[in-house]
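**Student:** below are the sequence and a predicted model for it; my questions follow.
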Amino acid sequence: MNVTIYKSSFHYTKQMSNFIESCFQGGLISIKDLAFLLNVSQSYVYHMFKKLRDDMYFAVKAVPDYERIKLQLFGCFLPIESMLHRDIVLKSLSQNDYVIYVASYYGMSKGIHCVFLIPCGLESDLTSFLEVLRCYGIIEDYLIRPVITTRNIVMGFEWYDFSKDVWCFKWPSLLNDVISNIDSEHLDMLHDLKTSASSTTFDFYDLLILHHLEYDVFTNIGALASKARTTPQNLSYHYRNHVHKLVKLIRPYWLPLPLEHAAPFTLDITFESHKALGAFIKSLHRKPIAYSYSLYDLSSHPSTIISGSLPYEEFFNFTSLLDSLRDYGVVRDYALYIINAKTSSGKALPYHCYDGFSWRFNLEPCVNEILKSVKQAQKGRARLARAADKSIEPM
């Protein structure tokens with residue numbers, strides 16, 4: 001592992017870095033709240049936000065507390081060797097209301113990473129759906145990770161040199177940080193997960209607002225009134241009194257380096273202990289590596305999915321770090337999936353699928369569409385093969 005340096009494509013100031021890091025919060029936040037945190041005027045915060053948004057496609061988005069609206073999050077990894085099958089599954093899942101993220105991946109294997117929202121009580125429908133695809137040979141296998149909770153990792157500026165506008169990836173120091181954090185203190189990342197969040201009362205207006213906050217937490221609530229066919233006052237009431245209970249956290253979406261020089265990744269990782277998990281997550285904070293982790297196993301070997309982005313050249317150093325941590329007895333096992341950003345798509349929760357009492361949910365049409373598309377593609381290939389055979393027959 002080496003220390004590597006990259007020139008920043010954007011000139012950050014310390015106030016900008018403080019603003020970005022302050023946008024990682026465990027609940028709703030306003031321009032006024034940020035101004036108070038940073039001890040600056042509201043107009044300055046708005047100016048900074050607008051500049052980052054215009055220059056870097058910067059956005060601050062809400063993450064719903066899905067369990068409170070009777071939904072559960074499932075991360076899935078589907079190894080698919082056939083490019084034809086990958087394209088068909090990718091297209092179908094990207095059009096499904098309950099698939100909030102999907103992308104193809106490469107690295108240790110090739111396939112598709114997707115995130116499903118499943119209504120509570122219907123979890124077995126997801127397994128049945130994937131099992132059908134496996135039985136038909138469309139996917140080789142599948143991994144399902146039922147997410148217990150999602151939390152922020154502050155993707156920050158600890159490795160940024162403001163005087164030179166460069167990012168310094170200091171992998172040896174990160175290794176030392178993880179080891180010293182384990183030795184220095186007991187870190188219990190799971191202390192507030194002993195009781196699950198209970199569902200709460202919500203309706204169409206709450207879900208509509210929440211849907212739009214997933215795209216921009218600073219959405220003008222009153223401006224949604226015409227779409228909801230109600231008054232701005234009614235929506236503001238729902239925002240103040242209901243929606244704040246339905247937001248798990250907010251986070252800024254930005255990349256330290258543009259995608260032409262970097263790639264998103266998803267890391268599925270198991271630790272030897274809760275202390276090891278805590279030390280690793282704590283050490284990642286304020287580094288330009290990851291922005292979230294989603295716990296899915298709280299046993300003696302806790303497991304989590306970590307999402308982030310790295311320059312292409314840094315994946316070797318990252319896996320070297322993980323291998324070293326496995327040698328030190330911190331990491332038990334891991335799988336690294338490098339995401340093809342060109343194939344990725346995401347969406348907010350499908351508020352229009354809630355009928356006021358329950359979520360309208362059915363994966364059968366998605367199965368039928370995939371099977372039909374595969375059959376049509378195979379027929380097309382067979383026709384091409386016959387045409388090619390005829391073209392080489394002797395006269």
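**Tutor:** Right, received. Where do you want to start? Only a predicted model underlies this, so the values are computations on that prediction, with no experimental measurement involved.
**Student:** per-residue confidence at His186?
**Tutor:** Predicted confidence (pLDDT) for His186: 52.
**Student:** ditto for Asp389
**Tutor:** You'll see Asp389 listed with a pLDDT of 52.
**Student:** repeat that for Asn241.
**Tutor:** 90.
**Student:** can you give me the buried ones in the helix or strand harbouring Val132?
**Tutor:** Assigned by DSSP states H and E, Val132 belongs to helix 123-135. For helix 123-135, the buried set under the neighbour-count rule, 16 or more other C-beta atoms under 10 Å, comprises Asp125, Leu126, Phe129, Leu130, Val132, Leu133. All C-beta atoms are positioned from the backbone trio N, CA, C, and that covers glycine.
**Student:** what about that helix, average pLDDT?
**Tutor:** Mean predicted confidence for helix 123-135 is 95.
**Student:** list the contacts of that helix.
**Tutor:** Helix 123-135 is touched from outside by 72, 74, 76, 78, 89, 116, 118, 139-142, 144, 146, 361, 363, 366-367, 370, with contacts defined as C-beta atoms under 8 Å, 6 or more residues apart in numbering.
**Student:** re the thing from before, closest to Trp254 out of the buried residues of helix 123-135?
**Tutor:** Closest approach to Trp254 among the buried residues of helix 123-135 (C-beta to C-beta): Leu126, at 31.4 Å.
**Student:** nearest spatial neighbour of that closest one, chain-adjacent residues omitted?
**Tutor:** Leaving aside its sequence neighbours, Leu126 sits nearest to Ile118 (C-beta to C-beta, 6 or more residues apart in numbering; 5.4 Å).
**Student:** for the one you found, phi and psi?
**Tutor:** The phi and psi values for Ile118, taken as degrees, to the nearest 10, are phi -120, psi 130.
**Student:** neighbours around it, how many?
**Tutor:** Using other C-beta atoms under 10 Å, Ile118 has 21 neighbouring residues.
**Student:** and for His301?
**Tutor:** Residues lying near His301 (other C-beta under 10 Å) number 15.
**Student:** so it sits right up against Phe271, yeah?
**Tutor:** Yes. Between His301 and Phe271 there is a contact under C-beta atoms under 8 Å: 6.5 Å.
**Student:** wait, what's in contact with the residue nearest to Leu126?
**Tutor:** Listed by C-beta under 8 Å, 6+ apart, the contact set of Ile118 reads Leu71, Gln72, Phe74, Tyr98, Asp125, Leu126, Phe361.
**Student:** from Phe202, how far off is the second one?
**Tutor:** It refers to Gln72. For Gln72, the distance to Phe202 (C-beta to C-beta, to the nearest Å) stands at 16 Å.
**Student:** the third one too?
**Tutor:** Spatial separation of Phe74 from Phe202 under the definition C-beta to C-beta is 21 Å.
**Student:** and if you look at the fifth one?
**Tutor:** With distances taken as C-beta to C-beta, Asp125 is found 22 Å from Phe202.
**Student:** kindly report the same for the last one.
**Tutor:** When distance is defined by C-beta to C-beta, Phe361 is 17 Å away from Phe202.
**Student:** more neighbours: the two, which one.
**Tutor:** Ranked by neighbour count (other C-beta under 10 Å), Phe361 and Phe202 place Phe202 first, with 19 against 16.
**Student:** surely Ser300 meets Ser273?
**Tutor:** Yes. In this structure Ser300 lies within contact range of Ser273 using C-beta under 8 Å: 7.3 Å.
**Student:** the more surrounded of those two?
**Tutor:** Taking other C-beta under 10 Å, Ser300 and Ser273 do not tie; Ser273 has more neighbours (15 against 9).
**Student:** what sits against the more buried one?
**Tutor:** By C-beta under 8 Å, 6+ apart, the neighbours of Ser273 are Ser300, His301, Pro302.
**Student:** apply 10 Å and report the result again.
**Tutor:** Ile182, Ala279, Ser300, His301, Pro302, Gly329, Val330, Arg332 (C-beta atoms under 10 Å, 6 or more residues apart in numbering).
**Student:** out of the buried residues of helix 123-135, who's nearest Leu336?
**Tutor:** For the buried residues of helix 123-135, the nearest to Leu336 is Leu130 (21.7 Å; C-beta to C-beta).
**Student:** and the residue nearest to the spatial centre of the chain, helix, strand or coil?
**Tutor:** For the chain, the residue sitting closest to the mean C-alpha position, by C-alpha atoms, centre = their mean, is Ser307 at 5.8 Å. Secondary structure for Ser307, judged by DSSP: H, G, I helix; E, B strand; the rest coil, is strand.
**Student:** and the spatially closest residue to Asp297 that is not a sequence neighbour, how far from Pro79?
**Tutor:** Distance criterion C-beta to C-beta, 6+ apart; nearest residue to Asp297, sequence neighbours excluded, is Ser303 at 3.8 Å. Note on Ser303: its distance to Pro79, by C-beta to C-beta, is 18 Å.
**Student:** of those two, who's got more company?
**Tutor:** Comparing Ser303 with Pro79 by other C-beta under 10 Å, the one with more neighbours is Ser303, at 19 against 16.
**Student:** so who does the more buried one touch?
**Tutor:** 145, 268-271, 277, 294-297, 332-334.
**Student:** 7 Å instead, please
**Tutor:** Ile269, Thr270, Tyr296, Asp297 (C-beta atoms under 7 Å, 6 or more residues apart in numbering).
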